[in-house]
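Trainee: 3D, please:
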Amino acid sequence: MTLAAGRPSETVLLADPLESSVLTCIGSTPLVRLRRFEPRAGIEIYAKLESRNPGGSVKDRAAARIIQDALRSGGLRPGRGLLDATSGNTGIAYAMLGAALNFPVTLCVPSNVSQERKQLLQAYGAEIVWTDPLEGSDGAIRRARKLAAEEPTKYYYADQYNNDANWRAHYETTAVEILEQTGGRVTHFVAGLGTSGTFMGTGRRLKHEKPDVTLVSIQPDSAWHGLEGLKHMETAIVPGIYDPALADVDLRVETEAASAIMRRLAREEGILVGMSGAAGLVGVLRTAAPLERAVLVTVFPDGGERYLSDSPLSRDASAAREDQASTQEQVVS
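Mentor: Numbers count the residues shown, from 1 in each chain. As a prediction, this is how the structure comes out:
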């Protein structure tokens with residue numbers, strides 16, 4: 001029997017946290033081919049739809065592994081809750097799993113995250129500490145560190161930016177799924193850098209299984225950007241799990257190019273994604289431009305539904321037609 005940390009007034013015994021129905025739904029997401037974005041014959045482009053996870057994002061994978069490790073080690077125990085900093089998606093995953101496994105969750109979150117993400121966090125019952133929007137995710141990290149230092153017995157500080165369980169979740173699941181779903185044919189893996197867990201874990205496993213695979217990391221082109229969930233590493237608190245040496249290529253993507261691709265995806269492929277996923281596809285198209293044959297895979301970390309209140313997806317159809325005519329030139333330049 002495993003003793004799961006309970007809500008303040010109760011303790012619940014679980015046979016095994018892995019038996020939670022929510023946990024068993026995480027992973028095994030579809031890999032879809034984006035034929036309308038393939039520039040020529042011989043180039044295949046695929047994306048993992050991580051919005052199909054129960055919490056709606058790729059962060060379900062890392063949050064589940066972090067929580068499982070914490071339950072097994074005793075970091076999470078009765079009377080102690082989980083604390084972390086998040087820009088939204090990992091927090092939603094924590095809150096969902098906290099509700100399912102019956103432990104309290106406290107999250108430090110920049111106050112300018114979308115209204116949809118605020119509503120999701122509150123719906124799952126998480127306690128939210130709103131932080132300065134001008135400080136972004138770094139401000140949330142600083143506040144979480146302060147709370148953890150002030151009340152170490154109250155919180156298990158998950159510290160997703162420095163927790164090896166983050167990247168290991170992708171080493172053990174995301175990369176394995178990509179290899180299986182492409183029949184081992186993947187030649188390029190392209191993903192954005194936030195905590196860097198998805199890129200580090202998936203990239204390491206792909207390199208282990210296929211040393212000739214090309215790993216392409218994606219960052220915003222400047223410190224001030226609109227690529228929600230991604231970090232500009234030169235000006236941000238660099239995650240401890242990030243190793244810049246892993247990437248064969250590091251590409252910088254402009255907010256405007258990602259916005260245009262986001263709209264095209266919605267209107268041409270019927271797929272709503274967030275800005276980080278759109279930036280990944282920009283990186284795929286730029287990587288594919290000089291190639292004759294390749295199988296390129298990226299990750300769409302979440303869906304665009306949780307960004308609609310402040311998203312370029314709401315622009316009118318005439319603007320969309322103008323974007324369609326200009327997007328290809330923007331993304332490959």
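
Trainee: which residues in the stretch 151-300 of the chain form strands?
Mentor: 155-157, 188-192, 214-220, 249-253, 294-300 (DSSP state E, counting those that start in this stretch).

Trainee: give me the pLDDT value at the residue lying closest to residue 302 once chain neighbours are set aside.
Mentor: Spatial nearest neighbour of residue 302, chain neighbours left out: residue 57 (3.8 Å); criterion: Cβ to Cβ, 6 or more residues apart in numbering. Quick note: C-beta positions are derived from backbone N, CA and C, even for glycine. Looking at residue 57, its pLDDT reads 97.

Trainee: isn't residue 57 right next to residue 49, touching?
Mentor: No - judged on Cβ atoms under 8 Å, residue 57 makes no contact with residue 49 at a distance of 10.6 Å.

Trainee: of those two, which one has the most company?
Mentor: Using other Cβ atoms under 10 Å as the criterion, residue 57 and residue 49 rank with residue 57 on top: 28 against 19.

Trainee: what sits against that one?
Mentor: 50, 51, 89, 92, 93, 301, 302, 303 (Cβ atoms under 8 Å, 6 or more residues apart in numbering).

Trainee: against residue 281, how distant is it?
Mentor: Distance, residue 57 to residue 281, using Cβ to Cβ, to the nearest Å: 16 Å.

Trainee: same question for stretch 214-225: list its buried residues.
Mentor: Buried residues in stretch 214-225, counted by 16 or more other Cβ atoms under 10 Å: 214, 215, 216, 217, 218, 219, 220, 221, 225.

Trainee: which one of those is nearest to residue 267?
Mentor: residue 218 (22.4 Å; Cβ to Cβ).

Trainee: who does the closest one bridge with?
Mentor: Per DSSP bridges, the residues bridged to residue 218 are residue 192, residue 251.

Trainee: okay, it: pLDDT?
Mentor: 98.

Trainee: next: the one 3 residues further on.
Mentor: Note for residue 221: predicted pLDDT of 95.

Trainee: same check, this time on the one 3 residues further on
Mentor: Predicted confidence (pLDDT) for residue 224: 89.

Trainee: which residues touch residue 54?
Mentor: By Cβ under 8 Å, 6+ apart, residue 54 lies in contact with 22, 25, 26, 60, 96.

Trainee: adding secondary structure, distance to residue 74 and neighbour count, write those residues out as JSON lines.
Mentor: As requested, the contacts of residue 54 are exported to JSON lines (DSSP: H, G, I helix; E, B strand; the rest coil; distance: Cβ to Cβ, whole Å; neighbours: other Cβ atoms under 10 Å):
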{"residue": "22", "secondary structure": "helix", "distance to residue 74": "22", "neighbour count": "17"}
{"residue": "25", "secondary structure": "coil", "distance to residue 74": "26", "neighbour count": "14"}
{"residue": "26", "secondary structure": "coil", "distance to residue 74": "23", "neighbour count": "25"}
{"residue": "60", "secondary structure": "helix", "distance to residue 74": "23", "neighbour count": "29"}
{"residue": "96", "secondary structure": "helix", "distance to residue 74": "22", "neighbour count": "27"}
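
Trainee: could I get the residues you listed as a markdown table with distance to residue 255 and pLDDT?
Mentor: As requested, the contacts of residue 54 are exported to a markdown table (distance: Cβ to Cβ, whole Å; pLDDT from 0 to 100):
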| residue | distance to residue 255 | pLDDT |
| --- | --- | --- |
| 22 | 34 | 90 |
| 25 | 33 | 94 |
| 26 | 30 | 97 |
| 60 | 26 | 98 |
| 96 | 29 | 96 |
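
Trainee: list just the nearest of those residues to residue 191.
Mentor: residue 60 (16.0 Å).

Trainee: in this structure that closest one contacts residue 51, no?
Mentor: No - using Cβ under 8 Å as the test, residue 60 is too far from residue 51 to be in contact (10.1 Å).

Trainee: verify the contact between residue 186 and residue 284 for me.
Mentor: No - applying Cβ under 8 Å, one finds residue 186 not in contact with residue 284, separated by 12.0 Å.

Trainee: identify the contacts common to those two.
Mentor: By Cβ under 8 Å, 6+ apart, the residues touching both residue 186 and residue 284 are residue 296.
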